[in-house]
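Peer 1: Let's see this in three dimensions:
(4 chains)
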Protein chains: 2
Amino acid sequence: MLHDPAQLDLMFQALADPARRLMVDRLSRGPASVSQLAEPLAMSLSAVVQHLNVLEASGLVRTEKLGRVRSCQIEPQALRAAEHWISERRLAWERRLDRLGDFLAETKDES
Amino acid sequence: MLHDPAQLDLMFQALADPARRLMVDRLSRGPASVSQLAEPLAMSLSAVVQHLNVLEASGLVRTEKLGRVRSCQIEPQALRAAEHWISERRLAWERRLDRLGDFLAETKDES
DNA sequence: ACAATAGTGAAGTATTTACTTCAGTATTGC
DNA sequence: GCAATACTGAAGTAAATACTTCACTATTGT
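Peer 2: Below is the predicted model:
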């Protein structure tokens, strides 16, 4: 589920906003309520909730409501999925460069 | 330069589109021209060029024009910057869980 | 020289995004 | 019970996005 293109769309889209990245950053230090996430942000609480919904739809954040407070947590598997997509492409590139280096070294030997 | 928030906005935004991810994926296997990038995509060449401009503005791709063909390459440092942002937050989360585990183990010893 | 190739640039349009405000609901503490 | 707290939801708006088409320029192969 986590590797399908639509989910990656949502995750990268979610990370493309500085307010949302700040929220993820805050959550990486531990769970927080909506108000706690909102506190450093210069926008209405409504706007923060909308950002939070984007994060939740992307799978990056999971929330649970206890009484009147909504507690938010990072979903590390989703972070890992996004990280993985990038690192696979970077590694493919680097492996290619390595092979190219080997090839050049070999043809040099044969000269 | 690569860690400033605006650059991360552009990189994650660039990765949030499936056509652009396909282009990055293709480039991870080696350099390609605009037409080669366009070939698997069901859209006009103009649209592809616009996607390519987004990728270039984000720093993920570098292009160079030789004659009438524009050759495109991945910029691995930019991929690394995006990857790094994510992994730092994931690691912060995991370290926190570890500390929490240690704490729980200790308090259990003391019971 | 000419045709085919490879890409560029400007408009135009439909959709999505990132907010706002305002009015509402459900919990909690006294 | 009542006020304060912690959200929730709907509507509205300005700007950004993801395309399209069409007209155009620069380069290459014959």
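Peer 1: tell me, what residue is most central in chain A?
Peer 2: A:Leu79 (4.5 Å; C-alpha atoms, centre = their mean).
Peer 1: number of nearby residues for the closest residue to that residue other than its chain neighbours?
Peer 2: Counting by C-beta to C-beta, 6 or more residues apart in numbering or on different chains, the nearest residue to A:Leu79 once its immediate chain neighbours are dropped is B:Arg90, at 4.4 Å. Yep, even glycine has a C-beta here, placed from its N, CA and C like the rest. By other C-beta atoms under 10 Å in any protein chain shown, 20 other residues sit near B:Arg90.
Peer 1: and the residue nearest to A:Arg29 when sequence neighbours are not counted, how far is that from DNA strand D?
Peer 2: Spatial nearest neighbour of A:Arg29, chain neighbours left out: B:Ala92 (6.2 Å); criterion: C-beta to C-beta, 6+ apart. For B:Ala92, the distance to DNA strand D equals 22 Å [C-beta to the nearest atom of the strand, to the nearest Å].
Peer 1: isn't there a helix covering B:Ala92?
Peer 2: Yes - applying DSSP: H, G, I helix; E, B strand; the rest coil, one finds B:Ala92 inside a helix.
Peer 1: Was I right to think it contacts A:Ser28?
Peer 2: Yes - between B:Ala92 and A:Ser28 a contact is recorded at 4.1 Å, counting by C-beta atoms under 8 Å.
Peer 1: Compare the two and say which is more crowded by neighbours.
Peer 2: A:Ser28 (20 against 16).
Peer 1: Was I right to think that one contacts B:Arg89?
Peer 2: Yes - A:Ser28 is within contact range of B:Arg89, at 3.9 Å (criterion: C-beta under 8 Å).
Peer 1: Now for those two: what residues contact both?
Peer 2: Listed as contacting both A:Ser28 and B:Arg89 by C-beta atoms under 8 Å, 6 or more residues apart in numbering or on different chains are A:Ile74.
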